[in-house]
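Chemist: predicted model follows, preceded by the sequence.
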Amino acid sequence: MSAKRKETGGEIRYMRVKPVTNVLFSLVFILLALVCFMPALLVLIVSFSAESSVVSKGYSYWPNAWSLESYRYLGRQIEYIGRAFLNSIGVTVVGTAMGLVLCSTMGYALSRPNYRLRKFFTWYIFIPMLFSGGLVASYMINAQILGLKNTYWALILPICCSSFYIIIMRTFFQTSVPDAIIESAKIDGARQIRIFVQIVLPISLPAVATIGLFYTFAYWNDWLMAKYYLNSNMQDLFPLQYVLISLESSIEFLSRNSQFMAPGEASKVPAETVRMAMVMIAVVPIACSYPFFQKYFISGLTIGAVKG
């Protein structure tokens with residue numbers, strides 16, 4: 001017993017980090033965090049800079065003059081941008097919820113060894129990860145067969161179910177959910193739906209939150225689905241990213257053709273600073289959602305890791 005205690009004490013002393021090393025690593029990580037934060041800070045500062053300062057001095061952490069003109073310019077499009085903002089929130093919430101339900105249920109079914117079609121559906125899901133049908137095939141199915149064109153579902157269903165996320169969930173269920181718990185629940189008379197909702201999902205929160213965060217990023221930043229499946233007259237359905245890209249294209253067109261504009265009108269368009277203001281509008285909402293996922297996201301990053 002004493003030998004075992006000595007061995008354990010030696011391991012603890014061996015694994016203990018010296019104070020100097022701890023301070024050094026802390027400084028290194030603080031420096032890396034600042035380096036990662038500096039580009040975001042530059043975008044924020046440029047968005048509040050005067051257009052004349054950016055043109056003369058370039059992107060700078062301390063501009064010659066400050067201005068809110070870029071946000072005033074976007075404020076004139078508040079109805080257009082606000083409707084697109086609500087569309088993106090709705091698409092992101094509904095799409096993320098549907099994606100999590102589909103991926104988690106399919107992953108759980110594929111993780112059960114007593115499911116007869118487990119191997120068939122595993123290959124059925126795995127093959128599209130290697131060989132995609134292409135844009136033409138997916139467009140024909142979504143627009144012509146399913147009739148999703150010019151509907152909200154065109155922004156949700158094409159990216160709702162991911163083979164990669166299903167495989168991740170299946171692997172997590174196989175490695176992190178003990179079979180003994182499920183068998184005990186079956187002996188007590190619980191059905192598969194109750195086992196999945198009350199036992200498996202609480203254990204799988206790190207994986208579910210991680211996949212949910214990925215889905216949130218994918219839906220919030222998506223604009224290709226709107227370009228593919230929405231006509232130009234369906235402005236009530238446009239998501240935020242598509243609207244911001246359209247505004248940026250319009251501003252770039254005005255800047256290149258300023259000679260055809262009335263004198264002084266071209267200078268009123270903050271072509272450089274408004275781009276950074278658009279970035280802030282698109283990034284801040286999704287950045288605010290990260291703290292709610294942070295606890296489970298960090299745990300989910302270790303899925304499949306070897307425990308010492």
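Modeler: Here it is on my side, so go on.
Chemist: got the phi and psi for Thr49?
Modeler: Careful, residue 49 is Ser; it's not Thr. Note on Ser49: its backbone torsions stand at phi -90, psi 160 [degrees, to the nearest 10].
Chemist: ignoring the adjacent residues along the chain, who's closest to it?
Modeler: Leaving aside its sequence neighbours, Ser49 sits nearest to Pro63 (C-beta to C-beta, 6 or more residues apart in numbering; 3.9 Å). Glycine gets a C-beta too; all of them are placed from N, C-alpha and C.
Chemist: check contacts around the one you found.
Modeler: Shown in contact with Pro63 (C-beta atoms under 8 Å, 6 or more residues apart in numbering): 45-46, 49-50, 53-54, 57.
Chemist: now the buried members of these.
Modeler: Neighbour counting by 16 or more other C-beta atoms under 10 Å classes 45-46, 49-50, 53-54 among these as buried.
Chemist: closest one of these to Trp153?
Modeler: Closest approach to Trp153 among the buried ones among the contacts of Pro63 (C-beta to C-beta): Val46, at 37.5 Å.
Chemist: that closest one: helix or strand, and which one exactly?
Modeler: Secondary structure assigned from DSSP states H and E places Val46 in helix 19-47.
Chemist: so where do the helices sit in the stretch 1-150 of the chain?
Modeler: 2-15, 19-47, 51-57, 69-75, 78-111, 118-130, 135-139 (DSSP state H, counting those that start in this stretch).
Chemist: which elements pack onto the second one?
Modeler: Taking 3 or more C-beta pairs under 8 Å, 6 or more residues apart in numbering; DSSP states H and E as contact, the helices and strands that helix 19-47 lies on are helix 271-300.
Chemist: quick check: angle from the helix it packs on to helix 78-111?
Modeler: Relative orientation of helix 271-300 and helix 78-111, computed by axes from the mean of the first three to the mean of the last three C-alpha atoms, to 10 degrees: 20 degrees.
Chemist: run the chain-centre distance for helix 271-300.
Modeler: 9 Å (C-alpha atoms, centre = their mean, to the nearest Å).
Chemist: contacting residues around the residue positioned nearest the centre of the chain?
Modeler: Most central in the chain under C-alpha atoms, centre = their mean is Phe217, positioned 1.5 Å from the mean C-alpha point. Counting by C-beta under 8 Å, 6+ apart, Phe217 touches Ile286.
Chemist: which SSE is it in?
Modeler: Using DSSP H and E, Phe217 falls within helix 205-221.
Chemist: immediately after that helix, which helix or strand?
Modeler: Going down the chain from helix 205-221, the next helix or strand is helix 224-229, by DSSP H and E.
Chemist: go ahead and confirm Ala65 touches Val54.
Modeler: No: Ala65 is beyond contact range of Val54, at 9.7 Å (criterion: C-beta atoms under 8 Å).
Chemist: what touches both of the two?
Modeler: Joint contacts of Ala65 and Val54 (C-beta under 8 Å, 6+ apart) do not exist.
Chemist: for the helix holding Val46, give the mean pLDDT please.
Modeler: The average pLDDT for helix 19-47 rounds to 86.
Chemist: just stretch 236-253 next, same as before
Modeler: Averaging pLDDT along stretch 236-253 gives 83.
Chemist: equivalent analysis for stretch 200-212, please.
Modeler: pLDDT averaged over stretch 200-212 gives 86.
Chemist: what residue ranges in the chain are flagged as low confidence?
Modeler: 1-17, 253-269, 293-308 (pLDDT under 70).
Chemist: name the element the nearest residue to Lys227 once chain neighbours are set aside belongs to?
Modeler: Using C-beta to C-beta, 6+ apart and skipping residues adjacent in sequence, the residue nearest Lys227 is Tyr242, 6.7 Å away. Under the criterion of DSSP H and E, Tyr242 resides in helix 240-256.
Chemist: ok, and what's touching that helix?
Modeler: Contacts of helix 240-256 (C-beta under 8 Å, 6+ apart): 74, 77, 80-81, 84-85, 87-88, 220-223, 226-227, 230, 238, 261, 266, 269, 271, 274-275, 278, 281-282.
Chemist: which positions in it come out as buried?
Modeler: By neighbour count with 16+ other C-beta under 10 Å, helix 240-256 contains the buried residues 240-247, 251, 254.
Chemist: go on, stretch 276-285?
Modeler: Neighbour-count burial for stretch 276-285 [16+ other C-beta under 10 Å]: 276-282.
Chemist: and if you look at stretch 100-117?
Modeler: 100, 102-104, 106-111.
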